[in-house]
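A.B. asks: Mind folding the following:
(one chain, ligands or ions: 1)
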Amino acid sequence: MTTNARAALQSADPEVAALITAEEERQQQTLKLIPSENYVSAAVLEATGTVLTNKYSEGYPGRRYYEGQQVIDQLETLAVERAKALFGADHANVQPYSGSPANLAAYLAVASAGDTVMGMSLPMGGHLTHGWKVSATGTWFRAVQYDVRRDTGRIDLDQVRELALAERPKLIFCGGTAIPRTIDFAGFAAVAQEVGAVLVADIAHIAGLVVGGAHPTPIGHADIVTTTTHKTLRGPRGAMILTTEEYAKPIDKAVFPGLQGGPHNHTTAGIAVALGEAAQPEFKDYAHQVVANAAVLADELLARGFDLVSGGTDNHLILIDLTSKGVAGKPAAKALDLAGLETNYNTVPYDPRKPFDPSGLRLGTPALTSRGMGEPEMREVGRWLDEVVAAAAGSDSDELDAVVARVRGEVTELTGRFPTPGVDG
Ligand code: DSN
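C.D. replies: This is a model prediction of the structure:
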């Protein structure tokens with residue numbers, strides 16, 4: 001936010017201004033290890049907080065239901081063209097409000113209520129909207145779900161194929177929220193083709209890695225690609241859908257008027273800026289560094305006796321099964337948060353515990369990498385994770401308090417050396 005805009009907020013609503021300042025400080029002074037979070041640049045922040053929020057634009061460029069679209073039409077077209085060029089896609093829709101509505105649009109475009117659909121189950125690493133039972137996608141459709149193998153923690157495409165042949169789904173989702181390994185888009189495409197299903201690749205977590213060349217692309221394999229824009233892609237909270245020519249019209253109709261009203265034009269501006277940033281050569285370095293950092297952190301954790309789902313990581317994400325450490329995910333995540341290490345507790349495949357009190361901890365390196373951290377910092381983070389988890393597993397609360405306080409101090413010293421994008425400039 002510009003100094004003038006901040007001063008105006010401060011004077012109009014000091015209570016909200018103080019909370020925003022407090023959150024800026026919290027983000028500066030902690031290590032953001034949640035794999036779906038990141039820091040946007042000052043440019044993305046500025047574009048998002050603008051008068052574009054004042055405008056209604058139902059429809060698409062050149063076909064709107066409100067007048068006064070002289071600027072908005074240019075802006076949305078710019079975002080669409082940047083998305084198409086960056087991903088190499090035939091068509092892009094930048095209007096979905098976030099990942100879940102983007103995924104719903106894929107269903108609405110190609111399936112009808114009651115149809116059989118297929119996705120990865122949530123506790124195995126999928127997303128709620130891939131057909132999980134508490135989601136609308138699991139109640140309005142007949143959802144069948146694939147798992148990971150118990151022995152490898154990885155997707156078994158033979159199992160996916162068998163299920164698809166038996167169930168003949170209209171649509172197959174690949175991708176998810178807790179998958180530490182490369183997604184075989186070509187393998188999924190072969191299965192989808194064999195059973196006549198539409199393949200949807202949800203690349204929300206890895207979109208930045210894909211455009212940076214650090215993960216294979218789904219373009220050329222998936223019919224429809226959905227993604228949020230605020231994870232590794234480092235844009236504002238929003239989403240996009242990329243399609244082949246064949247699915248362009250059905251997806252556009254599904255987003256508007258099928259599911260949404262007016263697009264959030266301030267978000268579209270932030271997405272356009274983020275796509276411009278992701279097209280720069282430095283973004284490739286960023287994407288590769290995210291993966292290199294995750295590999296170092298995974299190595300450090302393995303050396304310290306942590307049990308990682310699938311044995312490690314190929315991407316930005318690490319999923320730890322804490323069972324062997326004698327502590328559940330939730331108390332570990334809470335102790336780590338007090339120590340300045342922000343993670344999230346998560347189910348692990350075949351988790352015997354409940355989703356709100358699971359066995360796992362999910363971590364990632366996109367945000368720390370945006371602050372310029374590298375191998376030495378990843379090794380320190382691994383040590384802190386080990387020390388706090390060990391203390392959280394013990395029964396001595398004084399000892400836990402002491403470890404948390406010491407690590408908190410060390411984290412503060414580290415974060416002071418690495419500026420926070422968008423906050424420190
Ligand atoms: N909330 C996202 C994540 O953290 O992965 C998924 O919706």
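A.B. asks: Now do the lowest-mean-pLDDT helix or strand in the chain: which elements does it pack against?
C.D. replies: Lowest mean confidence among the helices and strands of the chain (mean pLDDT, DSSP states H and E): helix 3-12, at a mean of 91. On a contact count with 3 or more Cβ pairs under 8 Å, 6 or more residues apart in numbering; DSSP states H and E, helix 3-12 meets helix 14-29. Glycine gets a C-beta too; all of them are placed from N, C-alpha and C.
A.B. asks: Identify each buried residue in the helix it packs on, please.
C.D. replies: 17, 27-28 (16 or more other Cβ atoms under 10 Å).
A.B. asks: for stretch 275-292, same thing?
C.D. replies: Buried, per 16+ other Cβ under 10 Å, within stretch 275-292: 275-278, 283, 286-287, 289-292.
A.B. asks: what's it in contact with?
C.D. replies: 41, 43-44, 79, 82-83, 85-86, 208-209, 211-215, 232-235, 314-316, 365-366, 369-370, 374-375 (Cβ atoms under 8 Å, 6 or more residues apart in numbering).
A.B. asks: where exactly do the helices run in the stretch 201-350 of the chain?
C.D. replies: Listed in chain order, the helices of the stretch 201-350 of the chain (DSSP state H, counting those that start in this stretch) span 207-211, 245-253, 265-278, 281-303, 329-338.
A.B. asks: And the ones you listed: which comes nearest the ligand?
C.D. replies: helix 207-211 (12.3 Å; Cβ to the nearest ligand atom).
A.B. asks: Using CSV, write down the CA coordinates of that closest one.
C.D. replies: This file holds the C-alpha atoms of helix 207-211, laid out as CSV (Å, rounded to 0.1, in the frame of the first residue of the first chain):
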residue,chain,number,x,y,z
ALA,A,207,1.7,-23.6,-11.4
GLY,A,208,4.8,-21.5,-10.7
LEU,A,209,7.0,-24.5,-11.0
VAL,A,210,5.4,-25.4,-14.4
VAL,A,211,5.9,-21.9,-15.9
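A.B. asks: which secondary structure elements does that helix contact?
C.D. replies: Partner elements for helix 207-211 (3+ Cβ pairs under 8 Å, 6+ apart): helix 70-87, helix 281-303.
A.B. asks: Tell me which strands the next helix or strand after the shortest one pairs with, and in which orientation.
C.D. replies: Meaning helix 70-87. Next helix or strand after helix 70-87 toward the C-terminus (DSSP states H and E): strand 91-93. Here strand 91-93 is paired, per DSSP bridges, with strand 239-243 (antiparallel).
A.B. asks: Residues contacting the partner strand, please?
C.D. replies: 83-84, 87, 89-94, 96-99, 101-102, 105-106, 204, 219, 223-229, 251, 255, 271.
A.B. asks: And those residues, which of them are buried?
C.D. replies: 83, 87, 89, 91-94, 96-99, 101-102, 105-106, 204, 219, 223-229, 251, 255, 271.
A.B. asks: mind saving the C-alpha coords of stretch 171-183 as CSV?
C.D. replies: Listed next in CSV are the C-alpha coordinates belonging to stretch 171-183 (Å, rounded to 0.1, in the frame of the first residue of the first chain):
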residue,chain,number,x,y,z
LEU,A,171,-14.1,-36.5,-16.0
ILE,A,172,-10.8,-37.3,-14.2
PHE,A,173,-9.0,-34.9,-12.0
CYS,A,174,-5.3,-35.1,-11.4
GLY,A,175,-3.2,-32.9,-9.1
GLY,A,176,-3.9,-32.0,-5.5
THR,A,177,-2.8,-30.3,-2.3
ALA,A,178,-0.4,-32.7,-0.6
ILE,A,179,1.4,-34.4,-3.4
PRO,A,180,5.2,-34.3,-2.9
ARG,A,181,5.9,-36.0,-6.2
THR,A,182,5.8,-35.2,-9.9
ILE,A,183,2.4,-35.6,-11.5
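A.B. asks: okay if I get the helices of the stretch 201-350 of the chain as CSV plus distance to Arg408?
C.D. replies: Listed next are the helices of the stretch 201-350 of the chain as CSV, based on distance: least, Cβ to Cβ, whole Å:
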stretch, distance to Arg408
helix 207-211, 30
helix 245-253, 47
helix 265-278, 32
helix 281-303, 19
helix 329-338, 7
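A.B. asks: which residues in the stretch 101-250 of the chain form strands?
C.D. replies: Remark: strands assigned in the stretch 101-250 of the chain by DSSP state E, counting those that start in this stretch are 116-120, 142-146, 171-174, 198-202, 224-228, 239-243.
A.B. asks: Mind putting those into a markdown table with mean pLDDT and distance to Ile320?
C.D. replies: Output for the strands of the stretch 101-250 of the chain, formatted as a markdown table (pLDDT from 0 to 100; distance: least, Cβ to Cβ, whole Å):
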| stretch | mean pLDDT | distance to Ile320 |
| --- | --- | --- |
| strand 116-120 | 98 | 19 |
| strand 142-146 | 98 | 23 |
| strand 171-174 | 98 | 24 |
| strand 198-202 | 99 | 23 |
| strand 224-228 | 99 | 23 |
| strand 239-243 | 98 | 28 |
